[in-house]
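> just to be clear, the model below is a prediction. Sequence and coordinates:
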2 protein chains.
Amino acid sequence: MTLSGGYYNAGGGTSLQRKQGIEDSKENWNNYLKAVGQGFEDDMMRNTIVEHGAEDYEWLANDVGVNFLEVQMIGNEMAMKDYATPAARSHLTVEKSGVGLSRPLFKKADELGTKFVFNITAQNLITDKSNRVVGVHTNKGNFRGKNVIVATAGYSRNKDLLKRFAPDFAVGESYGSIRQNGDGIIMGAEVGAKLTDMWMPIASSMGAQSGDNVCIGPICAAWKYPYIWVGEDGKRHFREDMYFESGSKHIASLPGGYVWLVFDQRMAEEDPGAFSAPAVSPGLKREVEDGYFKKADTIVDLANQINLDPDVLTATIDKWNSDSENGKDTEYGRTNVLGALKAPFYAAKMAPSTPDTAGGLTINSQTQVLDNRNEVIPGLYAAGSTTGGWRGMTYPGCGMGITNAIVFGRLAGAEAAKSTSDVSTGASQHVNA
Amino acid sequence: MTLSGGYYNAGGGTSLQRKQGIEDSKENWNNYLKAVGQGFEDDMMRNTIVEHGAEDYEWLANDVGVNFLEVQMIGNEMAMKDYATPAARSHLTVEKSGVGLSRPLFKKADELGTKFVFNITAQNLITDKSNRVVGVHTNKGNFRGKNVIVATAGYSRNKDLLKRFAPDFAVGESYGSIRQNGDGIIMGAEVGAKLTDMWMPIASSMGAQSGDNVCIGPICAAWKYPYIWVGEDGKRHFREDMYFESGSKHIASLPGGYVWLVFDQRMAEEDPGAFSAPAVSPGLKREVEDGYFKKADTIVDLANQINLDPDVLTATIDKWNSDSENGKDTEYGRTNVLGALKAPFYAAKMAPSTPDTAGGLTINSQTQVLDNRNEVIPGLYAAGSTTGGWRGMTYPGCGMGITNAIVFGRLAGAEAAKSTSDVSTGASQHVNA
């Protein structure tokens, strides 16, 4: 959550929406989510998010103490205006960062007496003879409980799972947390959980590895200085100034599944921040020294460093430069940030990347994990990006990953606690879905 | 298998390769498979295919009685020449169709006394208390056995599974058998099987639905008469004459995940066979009458029929036509089959399509199905497209799906029979992987 942009996404009439004069309703929000989901989202999860999203915003703002600054429209709302009246729903924290959410949430949980155990790795779920989950086996011993909630985010840092289920993202690196290894998904599958939407990224963007564990997700369409993308063949293949979800898919369609992002000194010196979080070094010096980025005084030298045909790359850049000087991309009709590339040149390998995956365990409306017969696995609950079904074909907009975690996380806590007390009084609440 | 092209893919020196003077070795074939697999294939499965592929060719030719005509090079061999010496490996049957394989295989099995039960649907695997598979529950009662082999192909006709694991192919229809519903994969998952490579198509092509259950997979790059692909926005987006695996991915990258294939009377009347198997009607009359294909005397009428902006589609076709007359695609640099489109116009919705999926259950070298802890599920074996891991990033070439089915199908039969006799003598051969 600390790597997030600090947004919580909610519609249907939050107090902040009303304060800013934004008209919205649960039905309108639901229609928007249906439009971007295109039937690839789970109906129950979409309806649950709509039912609880605004209420949970008030809980965050009033009970938890999250400070919200304003609500912005930064999703696909305008593109979907035929399906739902556009409404701003991305609620930005004052901190403009995930810590604006994680700090008050931690503080609140701490005040309520939650016991935290840090620097510990869960390894397996413990089941009894009837396959009921009764605890977790960790590298620091076993923890037993009436119920277990898994909420370990997704698996964007697990290359094996990416190769098996989301190959586009196995080429490069995720720019999300290095802890997103899919532990909860694997542990759930081991006790028979049904996996769903395993192909799905939280948001399909692109990243260029800039350090051992650090990646950047440059949103090229918003750049100030010229750049191009070339494939393994040294050629451009499409206009680069497209929406990042589309750009990511286009890159995946090329042989090798990546491009070389070629730019020049101006981006490196005057706007390295455009490479997005985490921060890169001034002038990109460290990235070049470490070998992640390449720098060269001539196109031929650059081509040799990145194993492209020097003649082809020279022709590609010459064509781009002359087109730019004439004000028209005659090859692919790109309209944004035309301009000739000048020495010294830079190149960075760029591949599809996502802050995290968005598929995983299948849950019911009480957040109980289901097996491949769609029956409840007793004692096991899940929430957040460890589950699948909350997102559809297209990412709804900034903050929706957080909303999914908050809405189903709250439900999981309440349901697991309820089930515990029921069990202790002898009345089981486990119902087959 | 009856919908296949009638190829069996094998290298390493089959008798037919030698007869045609083709030099190849197991090592060379393995290097080729590694090059196209790009690490997305399972090492054990690749090695097993290389170890048994040529031997199983001789078994097909000599013991089963399959008649092979010739061996052809119709994969990525030339493109991978830096990694492996190109060698023809697609062994074509005399029948040039899957019946060239399925008929003699059925005949041989029949002669050996195999009991076939047709028109029956397997519904669940039956397990005993220790989770050992001991039979199959069907719509015609239970069938019990010491071991069960699942070989129900993939799931290219199961929209729910496609949405969960291979969304590009959920937009249109598969041109494979309508029986490819993933039954074996679902039944395996229900007893805890580990799923792998669920995103993977046998071959990523494209199809245009032309009847209730019939699809066509046109290989446009080989067409004789002009055509273009336009997106939901009525515009072209890339050169259409690319290799079908790449074309399929490009189409998936567009909003909606499909294109309109626009062509004219010449394709309809003079070359409808180019729409590929199964056969379409003369002049595409039935496809138009049934509403799957659209036909119009004007571009505006065509645009209205397929809900595109008539002005945009008119501009797109005008530009294509003038470019074609000048002999140069100034938008995307396409070089094949340039030519002006003339009234009457046709349009067919075209989306990524595959003969079948290529992911599923995880097996060990004895074809035993593994669970999510990588332990053997006793009594359960699998082979063919019901399993994952046999194909890597790129389809190796015509016939490889059949080879996978033959190699692991033979192994599964032998292993399951061996295990049965061992069990009957009291010595279990089940070993954890």
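Sure thing, it's come through.

> residue contacts, the nearest residue to residue A:335 once chain neighbours are set aside?
Using C-beta to C-beta, 6 or more residues apart in numbering or on different chains and skipping residues adjacent in sequence, the residue nearest residue A:335 is residue A:241, 6.7 Å away. C-beta coordinates here come from the backbone N, C-alpha and C atoms, glycine included. By C-beta atoms under 8 Å, 6 or more residues apart in numbering or on different chains, the contact list for residue A:241 reads A:220, A:221, A:334, A:335, A:336, A:337.

> those residues: which two are farthest apart?
Farthest pair in the contacts of residue A:241 (C-beta to C-beta) is A:220 and A:335. Separation: 13.3 Å.

> okay if I get the contacts of residue A:241 as JSON lines plus neighbour count and pLDDT?
Below are the contacts of residue A:241 laid out as JSON lines (neighbours: other C-beta atoms under 10 Å in any protein chain shown; pLDDT from 0 to 100):
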{"residue": "A:220", "neighbour count": "22", "pLDDT": "71"}
{"residue": "A:221", "neighbour count": "16", "pLDDT": "68"}
{"residue": "A:334", "neighbour count": "20", "pLDDT": "90"}
{"residue": "A:335", "neighbour count": "10", "pLDDT": "88"}
{"residue": "A:336", "neighbour count": "14", "pLDDT": "88"}
{"residue": "A:337", "neighbour count": "17", "pLDDT": "90"}
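
> nearest to residue A:28, of these?
When those are compared against residue A:28 (criterion: C-beta to C-beta), the nearest one is residue A:221, at 28.0 Å.

> ranges for the helices of the stretch 151-300 of chain A?
All helices of the stretch 151-300 of chain A, identified by DSSP state H, counting those that start in this stretch, fall at A:159-165, A:183-190, A:244-252, A:265-270, A:285-289, A:299-305.

> and of these, who's closest to residue B:14?
When the helices of the stretch 151-300 of chain A are compared by C-beta to C-beta, helix A:159-165 sits nearest residue B:14, at 30.7 Å.

> tell me the gap between that closest one and the middle of its chain.
Centre-to-centre, helix A:159-165 and its host chain are 16 Å apart (C-alpha atoms, centre = their mean, to the nearest Å).

> who touches it?
Helix A:159-165 has contacts (C-beta under 8 Å, 6+ apart) with A:155-156, A:169-170, A:182, A:185-186, A:195, A:198-199, A:357, A:359, B:39-40, B:165, B:195-199, B:359, B:388.

> enumerate the residues of the stretch 151-300 of chain A near chain B.
A:163-167, A:170, A:186, A:189-190, A:192, A:194-200, A:237-238, A:246, A:249-250, A:252-255 (C-beta under 8 Å from any C-beta of the partner chain).

> I only care about the residues you listed that end up buried; give me the PyMOL line for that.
Buried residues among those (16 or more other C-beta atoms under 10 Å in any protein chain shown), as a PyMOL selection:
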select buried, chain A and resi 163+164+165+166+167+170+186+189+190+192+194+195+196+197+198+199+200+237+238+246+249+250+252+253+254
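
> and the stretch 1-150 of chain A, which residues reach chain B?
A:39, A:40.

> tally of neighbours for the residue of the stretch 1-150 of chain A found nearest chain B?
The nearest approach of the stretch 1-150 of chain A to chain B comes at residue A:40, 5.6 Å away (C-beta to the nearest C-beta). Residue A:40 has 18 neighbouring residues, counting by other C-beta atoms under 10 Å in any protein chain shown.

> so it sits against residue A:393, correct?
Yes. Proximity of residue A:40 to residue A:393 meets the contact threshold set by C-beta atoms under 8 Å, at 4.4 Å.

> overlap of the contact sets of these two?
Common contacts of residue A:40 and residue A:393, defined by C-beta under 8 Å, 6+ apart, comprise residue B:167.

> mean neighbour count, the helices of the stretch 151-300 of chain A: which tops it?
Burial of the helices of the stretch 151-300 of chain A is given as mean neighbour count (mean count of other C-beta atoms under 10 Å in any protein chain shown); helix A:183-190 ranks first at a mean of 25.

> packing partners of it?
strand A:122-127, strand A:148-150, strand A:360-361, strand A:376-382 (3 or more C-beta pairs under 8 Å, 6 or more residues apart in numbering or on different chains; DSSP states H and E).

> what pairs with the first one, parallel or antiparallel?
Spelled out, that is strand A:122-127. strand A:133-138 (antiparallel) (DSSP bridges).

> tell me where the stretch 201-350 of chain A has strands.
In the stretch 201-350 of chain A, strands defined by DSSP state E, counting those that start in this stretch lie at A:205-209, A:215-216, A:227-230, A:259-264, A:293-296, A:345-353, listed in chain order.

> can you give me the pLDDT of residue A:97?
With respect to pLDDT, residue A:97 has a value of 90.

> can you give me the distance of it to residue A:402?
Between residue A:97 and residue A:402 the computed distance is 12 Å (C-beta to C-beta, to the nearest Å).

> and residue A:227, by the same measure?
Counting by C-beta to C-beta - residue A:227 and residue A:402 are separated by 31 Å.

> what do you get for residue A:33?
15 Å.

> among the contacts of residue A:241, which one lies nearest to residue B:310?
Once C-beta to C-beta is applied, the member of those that ends up nearest residue B:310 is residue A:335, at 23.6 Å.

> surely that closest one and residue A:329 touch.
Yes. Residue A:335 is within contact range of residue A:329, at 7.4 Å (criterion: C-beta under 8 Å).
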